[in-house]
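okay, here's the prediction I keep looking at, along with the sequence it came from:
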Amino acid sequence: QLALLGVDVIEAGFPLSSPGDFEAVQRIARQVQGPMITALARAARPDIDAVWQAVREAPRSQIHMVLSVSDIHIERKLRSNRRDVLQRGTEAVAYARSLCNEVEYSPEDAGRADPEYLFETLEAVIDAGATVVNIPDTTGYTLPNEFGALIAAIRANVRNIDRAMISVHCHNDLGLSTANSIAAVLNGARRVECTINGIGERAGNASLEEVVMILRTRERSLRLRTGIDTTRLAEVSALVSRHTGVPVQPNKAVVGANAFAHASGIHQDGVLKDKLTYEIMRPEDVGMGESRIVLSPRSGRHAFQFRLAELGYHLPEAAFSRAWEQFLLLADRKKDILDKDLEDIVRSLQPAVAVGVV
């Protein structure tokens, strides 16, 4: 489904973590056509060997490795120092490049790293053979202006950056993963690592559907394009939700159940006159069917009349006013107003009025 969606790269797993993960990555590499297939390794030969053995049969393969770059990680997690970590990273990249023509290097926790050491690291790994440098905001700590400025600084200060693609990998701990990803793109990143529905470690990662629809909706001003088939977004979102058991929150941007549902009377009136008043993208463009008018105590007469007409009921003005009063009383007591509720309201008016049904 990701291949049909049109993604450029699929990171299929962490082959050394378990035999099952290795087998899954290998099957994906053998069977999925179109996207580049990559998998994750630490900067160690056993990890790199496992990735290579898993992805090598893909028509387009890549080895992706990660190693800390922030002092917090280097000192407190690795119990090491900058010099040794840099040497370990460059040696790992050189070894991976001896196996595979495409090598991605992620300096973990780049968002909290010393920029000068980050620049030094990127220069060294590119010289060692990295073809992609992936800048992670591992803890979701940076603000969009800070992360965008970091990408701009990398382009300005890493002398050999023209020999590698800049990728980004943003986490959502402060709810900024999508915003940070777009800020990075605006400053020269050309690959975004993201996930369907934003699933991922802790609070998750940048949401693919959000990143894609920002690029699509604001294409003229951003002057950037994506090849994703957006009409498949809702279908893939539902597939991931079913298989992971993680529900999509109703108010999730783009693919949530309420993304194109209108409950406020002011909004409903506008949408019924012209959808452009409150919709910046069409639900069918992301595979979500049609907009919905949700009846609630906040709904207006226009929306109530529209829904009755959809059900085939056309009431005279006096009868409609009585039906409207009954609806408001019911809506104050009941959260979800069903079609049966509306039908019961109309029936309660009979035989006092003649009801037109088509």
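Thanks, I have it. Residues are numbered from 1 along each chain as shown.

what segments of the chain are strands?
9-11, 36-42, 61-68, 103-108, 132-137, 165-170, 191-193, 261-262, 292-293, 313-314, 356-357 (DSSP state E).

so which of those gets nearest residue 2?
Evaluated over the strands of the chain, closeness to residue 2 peaks at strand 9-11, with 5.5 Å, by C-beta to C-beta. Where C-beta positions appear, they are placed from N, C-alpha and C, glycine not excepted.

want to throw the strands of the chain into a markdown table with mean neighbour count and mean pLDDT?
Below are the strands of the chain laid out as a markdown table (neighbours: other C-beta atoms under 10 Å; pLDDT from 0 to 100):
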| stretch | mean neighbour count | mean pLDDT |
| --- | --- | --- |
| strand 9-11 | 20 | 98 |
| strand 36-42 | 24 | 98 |
| strand 61-68 | 24 | 98 |
| strand 103-108 | 27 | 98 |
| strand 132-137 | 24 | 98 |
| strand 165-170 | 24 | 98 |
| strand 191-193 | 22 | 98 |
| strand 261-262 | 20 | 90 |
| strand 292-293 | 18 | 86 |
| strand 313-314 | 18 | 92 |
| strand 356-357 | 10 | 46 |
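
okay if I get those as a markdown table plus distance to residue 156?
Listed next are the strands of the chain as a markdown table, based on distance: least, C-beta to C-beta, whole Å:
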| stretch | distance to residue 156 |
| --- | --- |
| strand 9-11 | 26 |
| strand 36-42 | 28 |
| strand 61-68 | 24 |
| strand 103-108 | 17 |
| strand 132-137 | 14 |
| strand 165-170 | 12 |
| strand 191-193 | 19 |
| strand 261-262 | 45 |
| strand 292-293 | 48 |
| strand 313-314 | 65 |
| strand 356-357 | 70 |
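
closest to residue 20 out of those strands?
Per C-beta to C-beta, nearest to residue 20 of the strands of the chain: strand 36-42, 13.2 Å.

that closest one pairs with which strands?
strand 9-11 (parallel), strand 61-68 (parallel) (DSSP bridges).

residue ranges with poor pLDDT in the stretch 151-300 of the chain?
For the stretch 151-300 of the chain, no stretch is flagged by pLDDT under 70.

any idea where the helices of it begin and end?
Ranges of helices within the stretch 151-300 of the chain are 177-186, 208-217, 219-222, 233-244, 265-273, based on DSSP state H, counting those that start in this stretch.
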